[in-house]
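A.B. asks: need the 3D shape of this:
(2 chains)
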Amino acid sequence: DAGVTQSPTHLIKTRGQHVTLRCSPISGHKSVSWYQQVLGQGPQFIFQYYEKEERGRGNFPDRFSARQFPNYSSELNVNALLLGDSALYLCASSLITGTNTGELFFGEGSRLTVL
Amino acid sequence: GQQVMQIPQYQHVQEGEDFTTYCNSSTTLSNIQWYKQRPGGHPVFLIQLVKSGEVKKQKRLTFQFGEAKKNSSLHITATQTTDVGTYFCAVRRAGSYQLTFGKGTKLSVIP
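C.D. replies: Numbers count the residues shown, from 1 in each chain, chains lettered A, B, ... in the order given. Coordinates of the predicted model:
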């Protein structure tokens, strides 16, 4: 079975531009989370979606938005890019049973460079 | 939000030496997870601890959850070069689906 897939793997943008990152979860996983990882730091939580609804939002500005589609894939959008948005953006899927989200399965990530 | 302190930030060991990383929280945790991220890779789940005082072993790795469920440790016996990477603990606030990661401990193993 395929793992979590993300696209694109690498991209370069300039300040002020917009970016869309895509994620396909593991088959059967209905929850998708997005994390930002700056070099040398731990992953920082951005969003979690479950059954197409936002279930959690981290401390990120409104320039960051996301959505989940009926097939449980997800998009992360970032508007008005800043140099500080340069990072590895990780998508993770998980099974949720009750209040236990279980382990996160991460994709390889999308490395965004903002010039 | 949920905060976890992870120490040390870096650890350099000679191959064959032991290694331990610690994760501490100011609040009681419902559970804790540990992940490993190889250089250039993505985090990979290692284990989840749920019960107070729980100890789990995976070959040379030993994971412990404190009695008060406020701290946890990961111990590697006789490190190997394949252990190189950054080890993260991750915790969840009660009633929340959000998983918060520590800053990680970067392990270097000198052959």
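A.B. asks: partners of the helix or strand of chain A with the lowest mean pLDDT, with directions?
C.D. replies: The helix or strand of chain A with the poorest confidence is strand A:53-57; it has a mean of 90 (mean pLDDT, DSSP states H and E). When pairing is defined by DSSP bridges, strand A:53-57 lines up against strand A:44-50 (antiparallel).
A.B. asks: report all helices and strands that the worst-scoring helix or strand of chain B on mean pLDDT contacts.
C.D. replies: Scoring the helices and strands of chain B by mean pLDDT, DSSP H and E places strand B:99-101 at the bottom, with a mean of 90. On a contact count with 3 or more CB pairs under 8 Å, 6 or more residues apart in numbering or on different chains; DSSP states H and E, strand B:99-101 meets strand A:44-50, strand B:85-92. (Glycine included, C-beta is placed from N, CA and C.)
A.B. asks: which residues touch the first one?
C.D. replies: Identification of contacts with strand A:44-50 by CB atoms under 8 Å, 6 or more residues apart in numbering or on different chains yields A:30-38, A:54-58, A:60, A:64, A:66-68, A:74, A:76, A:96, B:97-101.
A.B. asks: out of those residues, which are buried?
C.D. replies: Among those, the ones that count as buried by 16 or more other CB atoms under 10 Å in any protein chain shown are A:31-37, A:55-56, A:58, A:60, A:64, A:66, A:68, A:74, A:76, A:96, B:97-101.
A.B. asks: thought residue A:36 was touching residue A:87?
C.D. replies: Yes. Residue A:36 is within contact range of residue A:87, at 4.9 Å (criterion: CB atoms under 8 Å).
A.B. asks: briefly note if stretch B:45-63 comes near chain A.
C.D. replies: Yes. Counting by CB under 8 Å from any CB of the partner chain, contacts between stretch B:45-63 and chain A involve B:45, B:48.
A.B. asks: just the mean pLDDT for that stretch, thanks.
C.D. replies: Taken as a whole, stretch B:45-63 carries a mean pLDDT of 96.
A.B. asks: so how far is it off the chain centroid?
C.D. replies: 9 Å (CA atoms, centre = their mean, to the nearest Å).
A.B. asks: hang on, residue B:78 packs against residue B:18?
C.D. replies: Yes. Because the distance of 6.8 Å satisfies CB under 8 Å, residue B:78 is recorded as touching residue B:18.
A.B. asks: below-threshold pLDDT in the chain: ranges please.
C.D. replies: I went with chain A, as the question did not name one. Under the criterion of pLDDT under 70, the regions of chain A flagged as low confidence span A:1, A:97-101.
A.B. asks: that was the other one, I meant chain B.
C.D. replies: Ranges of chain B meeting pLDDT under 70: B:1-2, B:94.
A.B. asks: which bits of it sit near chain A?
C.D. replies: Counting by CB under 8 Å from any CB, chain B comes close to chain A at B:1, B:6, B:31, B:33, B:35, B:41-45, B:48, B:88, B:90, B:92, B:95-104.
A.B. asks: can you do 7 Å?
C.D. replies: Proximity of chain B to chain A, by CB under 7 Å from any CB of the partner chain, involves residues B:33, B:42-43, B:45, B:48, B:88, B:96-104.
A.B. asks: most widely separated two among the residues you listed?
C.D. replies: B:42 and B:96 (22.7 Å; CB to CB).
A.B. asks: show me which of those two is the more surrounded one.
C.D. replies: residue B:42 (22 against 17; other CB atoms under 10 Å in any protein chain shown).
A.B. asks: you'd agree that one is up against residue A:108?
C.D. replies: Yes. Using CB atoms under 7 Å, residue B:42 makes contact with residue A:108 at a distance of 5.5 Å.
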